[in-house]
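Trainee: Here is the input, now give the coordinates:
(one chain, ligands or ions: 1)
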Amino acid sequence: MERSLILLKPDCVQRRLIGNIIARFEAKAINIVGLKLIQVTPELSKQHYAEHVEKPFYPGLEEFITGAPVVAIVLEGLEVIRVVREMLGATNGLQAAPGTIRGDYSSSRQMNLVHASDGTEAATREIALYFNDNEICGYTPCLTPWMRAGDE
Ligand code: CMP
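Mentor: A predicted model of the protein is given here:
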């Protein structure tokens, strides 16, 4: 089992797409084990986007990500980091394939609706940035036997 940190970004919240995006993860039989609405501060933005802080686009990115609340989610599932990034599509909504979340709802590089961890190290770091251990609720959905075989 893997976990990934997902952010439904301010554009997703403002555009009333929260339920729509979460429904896609649920329909894919991915387990939600953490979820909250939070306001990202400039400090948290700099921690989250540490690798981008020196890039020319960072000031605009910080203004965007702190401009309205985000929904922080921890998803759990088999290969969930790769699976969710494939569900999101390319970073730039203009290049994301139809059928992906960004391909269907975003026409922007910056306002691309959803962030997802890009690897196991990033997931561990990002989950710890947004969630305390006691805010994550691992559980076994009762439909698990109908969502994958026992040896998967
Ligand atoms: P995300 O997956 O959250 O990770 C970094 C974010 O920076 C990315 O989504 C985009 O929102 C944003 N981003 C990446 N590249 C650029 C760029 N060249 N110009 C503006 N924003 C960018």
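
Trainee: can you map out the strands along this protein?
Mentor: Listed in chain order, the strands of the chain (DSSP state E) span 2-8, 31-38, 70-77, 114-116.

Trainee: ok, and what's touching the last one?
Mentor: For strand 114-116, contacts defined as CB atoms under 8 Å, 6 or more residues apart in numbering pick out 4-9, 12, 21, 81, 84-85, 88, 101-102. Every residue, glycine included, has its C-beta placed from N, CA and C.

Trainee: Find the pair from those with maximum spatial separation.
Mentor: Cys12 and Ile81 (19.4 Å; CB to CB).

Trainee: Please identify which of these two sits among more neighbours.
Mentor: Per other CB atoms under 10 Å, whichever of Cys12 and Ile81 has more neighbours is Cys12, with 25 against 20.

Trainee: Without its sequence neighbours, what residue ends up closest to that one?
Mentor: In space, not counting the residues next to it along the chain, Cys12 is nearest to Leu113; the distance is 4.5 Å by CB to CB, 6 or more residues apart in numbering.

Trainee: To Thr124, which of the strands of the chain lies closest?
Mentor: Of all these, it is strand 2-8 that lies closest to Thr124, at 8.2 Å by CB to CB.
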